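[1] Pasting a predicted model and its sequence here:
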Amino acid sequence: METSSLAAVGFLDSKGMAGYHYSNREKWSAWPSTVAIRENMEKDSVTTTINGVKLSLIKGDITQQDTDAIVNAANPGLMGGGGVDGAIHRAGGPAILEECKQIVASQGRLPTGKAVMTTGGNLKARHVIHTVGPVWHGENRKEAELLASAYEESLKLAAANHLNSISFPSISTGAYGYPVDAAAEVALEAVISFLRKEVIAIREVDFVLFDSATFRAYSSALEEMLG
Ligand code: ADP
């Protein structure tokens, strides 16, 4: 891993060319998009622009994000759990669970593919959007459709609440067992098509990916889609 303090990010301009930005903004050169994205897979983030919205893949911990909302890969009972769900509740404190309980009391368990929003409690993010991804059973139970819906419903909720920025984890690829390469394609396709067709306040969408293998899977899928 390179230890340079220069934060390198790749992007695609309106002509489909990709650039390679450094934080000092002095060095810039145009690259074919595949080159920019592949170069940045060596780093901890990849950034591109879709319809004026900044889309980034970041290797990191979603509980540390300061976007307006972070998305939780929850379970239908909304009572917390392991993985990213547990991490969000631990970092955000009891106010999140309190609101989750009220939601379940008033509208029942959250169906797969749907989303609800609560406070962010002690998190830097003001809101948590809880969505339920599908459990992987082998593609025959509308897994891809339900996974895409989890991303879309979260984006719709963020847009309806006029949020400017949102961070997603890799929904369903932990305890729910969705193969990460396939999930990355579905996730990026769902988000990119949403951003292309909707006119919304959202200006930034981040995928915050916890480990290198997940980050690589999303980077490859993005390269495949835009490269
Ligand atoms: P699911 O039940 O939807 O599969 P998990 O929480 O088990 O959800 O896993 C989803 C993904 O979230 C996995 O890639 C896991 O490594 C990742 N993850 C776990 N903790 C964090 C965190 N703090 N920030 C971002 N991603 C996380």
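    Sure, I can see it.
[2] C-alpha only now, for contacts and for neighbours.
    Fine.
[3] residues touching residue 91, list them.
    By CA atoms under 8 Å, 6 or more residues apart in numbering, residue 91 lies in contact with 63, 122, 123.
[4] redo that, cut-off 10 Å
    63, 64, 120, 121, 122, 123, 124 (CA atoms under 10 Å, 6 or more residues apart in numbering).
[5] okay, the closest residue to the last one other than its chain neighbours: pLDDT?
    To tie it back to what came earlier, the one meant is residue 124. Spatial nearest neighbour of residue 124, excluding adjacent residues (CA to CA, 6 or more residues apart in numbering): residue 66 at 4.9 Å. Looking at residue 66, its pLDDT is 97.
[6] what do you get for residue 200?
    pLDDT at residue 200 comes out at 82.
[7] That one reaches residue 160, doesn't it?
    Yes - between residue 200 and residue 160 a contact is recorded at 8.6 Å, counting by CA atoms under 10 Å.
[8] Which one's more surrounded, the two?
    Using other CA atoms under 10 Å, the more surrounded residue of residue 200 and residue 160 is residue 200, with 17 against 11.
[9] so who does the more buried one touch?
    So residue 200 contacts 53, 155, 156, 158, 159, 160, 162, 163, 164, 194 (CA under 10 Å, 6+ apart).
[10] Among those, which pair sits farthest apart?
    Spatial extent of these (CA to CA) is set by the pair 53 and 160 at 16.5 Å.
[11] so what does the host helix or strand of residue 149 touch, helix or strand wise?
    Applying DSSP states H and E as the criterion places residue 149 in helix 143-160. When contacts are defined as 3 or more CA pairs under 10 Å, 6 or more residues apart in numbering; DSSP states H and E, helix 143-160 packs onto strand 69-73, strand 115-119, strand 127-131, strand 165-168, helix 180-197.
[12] Can you tell me which of those is packed in deepest?
    strand 69-73 (a mean of 31; mean count of other CA atoms under 10 Å).
[13] so residue 177 touches residue 137, yeah?
    Yes - assessed by CA under 10 Å, residue 177 is found in contact with residue 137 at 8.3 Å.
[14] what about the two, which has more around it?
    Each of residue 177 and residue 137 has its neighbours counted (other CA under 10 Å); residue 177 has more, 15 against 12.
[15] That one and the ligand, how far apart?
    6 Å (CA to the nearest ligand atom, to the nearest Å).
[16] Name the nearest residue to that residue, ignoring sequence neighbours.
    residue 136 (5.3 Å).
[17] now swap in residue 209 and tell me
    Nearest residue to residue 209 in three dimensions, chain neighbours excluded: residue 59, at 4.7 Å (CA to CA, 6+ apart).
[18] In the chain, where is pLDDT below threshold?
    For the chain, applying pLDDT under 70 flags the ranges 1-42.
[19] so can I have a markdown table of the helices and strands packed on helix 143-160 showing distance to residue 100?
    Shown next, in a markdown table, are those (distance: least, CA to CA, whole Å):
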| stretch | distance to residue 100 |
| --- | --- |
| strand 69-73 | 12 |
| strand 115-119 | 7 |
| strand 127-131 | 9 |
| strand 165-168 | 19 |
| helix 180-197 | 25 |
